[in-house]
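Asker: how does the following fold in three dimensions:
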Amino acid sequence: MRRLSTLLTIVALVLAVVIACPAQSQLLTRHVREVTHNGQAPVVGHLPATQSMRLVLVLPLRNQEALDNFLQELYTPSSASYHQFLTLEEFTAKFGPSQKDYDAVIRFAEANRFKVVGTSRNRLNLDVTGSVASIEQAFHVTMGVYQHPTESRIFYAPDREPTLDLPFQLWHISGLDNYSIPRPALVHKDLHKDLSVKSNATTGSCPEQSFCGSDMRAAYYEGTALTGSGQSLGLLEYAGTDLVDLDTYYENVGQTLSLTPTLVSTDGTSTSCVYPNCDDTEQTLDMTQALGMAPGLSSLVMYVGSSDASIFNAMATASPLNAQLSSSWTWYPADPSTDNPYFEEFAAQGQNLFQAAGDGGKWSSSSLIYPADDVYLTSVGGTDLETSGPAGPWSSETAWAGGGGGISPDKFSIPFWQTTTASGCSNCSVTYRNGPDVSANSNFTFYVCADQTTCTANYWGGTSFATPMWAGYLALANEQAVNDGKSTLGFINPSLYGVGLSSSYDTDFHDITSGSNGYSATIGYDLATGWGSPNGSNLISGLLSTSNTPGFGLTASPASLSLLQGSSATSTITSTVTNGFDSGVSLSATGQPKGVSVTFGPTSITGAGTSTMTITVGSSTVTGTYLIRVQGTSGTISEIVTVSLTVNKLPPDYTISASPTTIKVARGGSGTSTITSTVTGGFDSAVSLSATGYPIGVTVSFSPATIPAPGSGKSTMKVTVGTGVALGNHTITIDAKGAGLPRTIQVTLDVLD
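Answerer: Numbers count the residues shown, from 1 in each chain. You can find the predicted model right below:
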């Protein structure tokens with residue numbers, strides 16, 4: 001009894017532990033660096049257990065499919081939801097993590113000896129501090145120190161993917177490694193002679209004929225009415241600044257600074273930057289280029305932090321929100337989807353993030369240009385600009401050799417607003433995101449003041465300059481929208497591509513057709529300069545008019561189909577219209593692989609309506625996932641919606657059949673039926689045959705009794721009828737068995753006198 005009692009006690013304790021400790025859950029994003037996984041970065045030590053670290057625990061958004069659908073509707077002009085942006089509170093209620101889950105993460109952090117040092121209004125981020133020992137225990141990792149494989153430094157990182165004792169998955173843990181150090185998209189002429197570019201600054205109004213920020217306004221806006229009044233612009237920075245440098249710039253160029261920028265620390269990072277311990281070249285030029293384009297901004301906010309999670313979330317939860325955001329830094333996350341929740345929140349809330357496309361020329365699979373190829377931001381490439389004179393209008397422009405652009409190195413899928421453009425671009429991908437979207441001057445032609453030292457002229461260049469210019473230009477457009485009684489423009493890429501495909505393209509953009517970044521600049525969209533640079537106030541008018549032009553949009557439901565070889569399914573194509581559009585829209589499809597047919601019923605839609613698209617997959621169609629592009633065309637208007645088709649291999653199988661299915665045999669005679677076995681899906685096994693159910697006096701035999709592997713073939717079933725068998729119909733059941741799979745068919749035996 002004592003042994004039994006002890007055993008029961010042990011069982012009870014084990015059950016109590018199982019109940020008290022929830023199963024460990026992995027996170028929804030990757031954290032392990034490939035170089036630590038494959039040994040390219042050898043481990044050289046271990047972080048001290050007592051070392052304190054600051055982390056951001058990021059929760060996932062809810063209702064992701066609904067959010068994806070909402071964003072497409074939000075930026076489709078024919079939708080009733082067009083430009084109906086959400087407030088922070090509305091976004092959090094619809095798509096943010098629940099309060100229950102947020103509270104659970106707080107309890108988890110505190111139970112694991114972390115100190116909560118920051119919470120967020122959208123419940124995405126929870127900032128904590130804790131020792132390395134607490135991190136290793138809470139996340140079941142070892143924090144190693146590694147030798148960087150390409151840089152002369154060491155870095156720390158986890159040795160495996162973190163797991164947590166939570167009943168749900170977190171999205172990400174920011175701060176677990178410092179493998180990638182964010183760097184500005186900024187280059188010095190003397191250090192990058194390999195770019196094969198030279199300064200053409202002969203017409204600027206700043207010292208040594210370099211360009212001031214105001215020269216860019218004169219070249220790209222060419223007006224005076226709009227200044228960015230009432231608009232707020234946000235800058236992402238991984239270090240603070242010394243506003244003395246901004247004051248020096250304005251004093252030297254003889255202009256008046258209309259505001260004092262607001263410096264916000266998003267995670268305790270210092271907003272001060274004093275040389276030589278800190279370089280504020282990027283930070284200062286971001287301000288001068290944004291203010292040069294939009295000198296009347298109501299506020300300019302610099303968000304300073306040490307992690308993308310902290311900075312982006314601060315931008316997403318600011319009060320008031322900045323409708324235009326700019327980032328001129330690039331880095332390399334372990335998982336390129338890491339920042340998607342923030343970018344999607346920007347789009348939902350009517351914020352537009354401009355991101356420098358990098359200064360290494362044509363993108364390759366190893367280009368470190370993140371997040372320039374993400375879907376929900378505007379990627380800005382580089383050009384070489386000439387003006388007609390100091391503070392003069394645009395004269396000419398070519399692609400800048402260093403400007404980033406190409407096909408997404410991080411394999412982001414092509415967004416809905418880019419599919420039509422990509423189908424007409426010879427170098428573009430129809431599968432992955434293409435960049436840049438737009439471009440502006442990035443050559444070594446600028447006047448720069450930084451680091452509390454002598455200012456320089458014509459030494460610094462990069463897409464770092466073009467990016468805040470575009471953010472300032474959007475502030476002008478949003479000012480005009482407000483003046484017209486409209487909503488601000490929000491995420492502008494759908495509108496940019498709409499303008500690019502319209503008849504007003506050549507007047508709204510400077511189409512850059514010469515020069516190369518590894519891809520040649522061509523007529524229309526290209527991977528060197530995107531759509532080009534803004535052509536005065538015309539582009540502002542074009543962006544604002546997209547909501548007034550009659551048109552239609554296409555959606556597909558479902559937008560993805562998974563079919564077996566030899567099967568078919570349907571998707572409903574719906575046309576929604578705006579501003580009185582009532583013309584016929586003819587439908588066609590491209591992108592389907594060999595063996596797949598696509599039909600529409602009806603083949604055209606007049607105005608608003610639907611058509612049933614039937615996709616039929618042949619039995620020999622190669623397996624894989626394909627993007628079928630459904631194009632609706634009405635005159636010069638063309639819209640595309642994509643349907644993802646996944647073709648799956650048929651499972652190994654076989655069927656049997658009989659011919660004839662009725663045998664008429666007189667008493668004392670015999671008859672035959674041919675049994676055929678047909679295989680599919682790579683079935684490879686012998687098929688044995690037998691018969692049951694026939695009456696006494698009848699014999700049934702098969703020749704052969706087994707159809708050899710792969711199981712496809714014929715057998716002759718012979719039926720012999722004795723003289724005493726009852727007249728009339730009798731059922732013979734033929735049983736087949738191959739690879740453990742039974743199949744049956746029936747043949748009718750009609751016994752005659």
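Asker: how far away is the residue nearest to residue 727 when sequence neighbours are not counted from residue 506?
Answerer: The shortest distance from residue 727 to any non-neighbouring residue, by C-beta to C-beta, 6 or more residues apart in numbering, is to residue 751 (5.3 Å). Just so you know, the C-beta spots here come from the backbone N, C-alpha and C atoms, and that holds for glycine as well. For residue 751, the distance to residue 506 equals 86 Å [C-beta to C-beta, to the nearest Å].
Asker: mean pLDDT per helix and strand in this protein: which one sits at the bottom?
Answerer: Within the chain, no helix or strand scores below helix 2-20, which has a mean of 40 by mean pLDDT, DSSP states H and E.
Asker: next structured bit after that one?
Answerer: Toward the C-terminus, helix 2-20 is succeeded by strand 25-26 as the next helix or strand (DSSP states H and E).
Asker: just checking: what are the partner strands of that next one?
Answerer: Strand pairing for strand 25-26, determined by DSSP bridges: strand 163-164 (antiparallel).
Asker: residue 480 and residue 539 touch, don't they?
Answerer: No. If you go by C-beta atoms under 8 Å, residue 480 and residue 539 don't touch, sitting 11.0 Å apart.
Asker: so which of these two has more stuff around it?
Answerer: residue 539 (28 against 19; other C-beta atoms under 10 Å).
Asker: ok, now which ones touch the more buried one?
Answerer: Residues near residue 539 by C-beta atoms under 8 Å, 6 or more residues apart in numbering: 473, 477, 499, 508-509.
Asker: distance of it from residue 360?
Answerer: 28 Å.
Asker: neighbours of the residue nearest to residue 727, just the number please.
Answerer: Other residues within reach of residue 751, judged by other C-beta under 10 Å, total 22.
Asker: so which helix or strand takes in it?
Answerer: Counting by DSSP H and E, residue 751 is part of strand 741-752.
Asker: cool, and residue 315?
Answerer: Per DSSP H and E: residue 315 is located in helix 308-316.
Asker: quick check: which helices or strands does that helix pack against?
Answerer: In terms of contacts (3 or more C-beta pairs under 8 Å, 6 or more residues apart in numbering; DSSP states H and E), helix 308-316 is packed against strand 52-58, strand 125-131, strand 172-174, strand 232-237, strand 299-304, helix 340-348.
Asker: reformat the ones you listed as a markdown table; add mean pLDDT.
Answerer: As requested, the helices and strands packed on helix 308-316 are arranged in a markdown table below (pLDDT from 0 to 100):
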| stretch | mean pLDDT |
| --- | --- |
| strand 52-58 | 98 |
| strand 125-131 | 98 |
| strand 172-174 | 97 |
| strand 232-237 | 98 |
| strand 299-304 | 98 |
| helix 340-348 | 98 |
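Asker: reformat these as CSV; add mean neighbour count.
Answerer: CSV is the format used below for the helices and strands packed on helix 308-316 (neighbours: other C-beta atoms under 10 Å):
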stretch, mean neighbour count
strand 52-58, 21
strand 125-131, 22
strand 172-174, 26
strand 232-237, 26
strand 299-304, 23
helix 340-348, 24
